[in-house]
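Enquirer: predicted coordinates and the sequence they were generated for:
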Amino acid sequence: KAGVTQTPRYLIKTRGQQVTLSCSPISGHRSVSWYQQTPGQGLQFLFEYFSETQRNKGNFPGRFSGRQFSNSRSEMNVSTLELGDSALYLCASSLEGGNNYGYTFGSGTRLTVV
Amino acid sequence: TQLLEQSPQFLSIQEGENLTVYCNSSSVFSSLQWYRQEPGEGPVLLVTVVTGGEVKKLKRLTFQFGDARKDSSLHITAAQPGDTGLYLCAGPTNSGYALNFGKGTSLLVTP
């Protein structure tokens, strides 16, 4: 079966712009989580969606937002980009939540802010 | 936030050597997971440990969950270059719906 698909794989944006990243989970998975990965901070949790509802949110500013559609596909948006937003953004899907069944991750979107 | 501390941060060994990496916390976890991440890819789930004292084996990898469910270890026997990667441990958030990750142990196995 198809894995978790993230698009685009690479993105270069200018400071102040906004960006939208997309994630298509494994078929049948209703939980989608987003993480930011940087060399200094590791994987930091952004938010988790289940059946179009945000159930859990990490400690990120309001510039970071997300949503989930009825087909479980998810998007995350970052507005007013800062240089520090440069990172690998990872999407992970699971049946009902990563704690019970573990995550399947996508390959990520590498965002560079210049 | 339930913090997970991983050690060592970096490890460079020769093929054939044994190694152990650790994941520690001051909090009790209902379960812990281990992932391996290769450069340019997302992490891949290796194992989930649930019961205190549990030991699970995956070929040359042995995972142990501490009796008090506050720590876990990963032991690799006769490491191979294919074992190279970032090893991450993860535990449930307080809400139970997501996972918090440690910063990982970066392992390099040279021939």
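Expert: Thanks, I have the structure now. Numbers count the residues shown, from 1 in each chain, chains lettered A, B, ... in the order given.
Enquirer: residues of chain A that sit close to chain B?
Expert: When proximity is defined as Cβ under 8 Å from any Cβ of the partner chain, chain A approaches chain B at A:4, A:31, A:33, A:35, A:41-43, A:45, A:48, A:50, A:55-56, A:59, A:90, A:92, A:97-99, A:102-108. C-beta here means a position set from N, CA and C on the backbone, and glycine is covered the same way.
Enquirer: among those residues, name the buried ones.
Expert: The neighbour-count test (16 or more other Cβ atoms under 10 Å in any protein chain shown) marks A:4, A:31, A:33, A:35, A:42-43, A:45, A:48, A:50, A:55-56, A:90, A:92, A:97-99, A:102-108 as buried among these.
Enquirer: which of the residues in stretch B:2-21 are buried?
Expert: Residues of stretch B:2-21 classed as buried: B:L4, B:Q6, B:L11, B:I13, B:L19, B:V21 (neighbour count, 16+ other Cβ under 10 Å).
Enquirer: run through who's touching the helix or strand encompassing B:S72.
Expert: Using DSSP states H and E, B:S72 maps to strand B:71-76. With contacts defined as Cβ atoms under 8 Å, 6 or more residues apart in numbering or on different chains, strand B:71-76 is touched by B:18-25, B:32, B:34, B:49, B:60-66, B:83, B:87, B:89, B:107.
Enquirer: give me the sheet partners of that strand and which way each runs.
Expert: strand B:19-24 (antiparallel), strand B:61-65 (antiparallel) (DSSP bridges).
Enquirer: any idea what the residue of chain A found nearest chain B is bridged to?
Expert: Using Cβ to the nearest Cβ, the point where chain A gets nearest to chain B is A:F105, with a distance of 3.0 Å. Counting by DSSP bridges, A:F105 forms beta bridges with A:A92.
Enquirer: and it, what pLDDT?
Expert: The model reports A:F105 with a pLDDT of 97.
Enquirer: one more: B:T93?
Expert: Per-residue pLDDT puts B:T93 at 85.
Enquirer: these two touch, right, it and A:N56?
Expert: Yes. If you go by Cβ atoms under 8 Å, B:T93 and A:N56 touch, sitting 6.2 Å apart.
Enquirer: mutual contacts of those two, please.
Expert: A:F45.
Enquirer: surely B:G82 is within a helix?
Expert: Yes. Judged by DSSP: H, G, I helix; E, B strand; the rest coil, B:G82 forms part of a helix.
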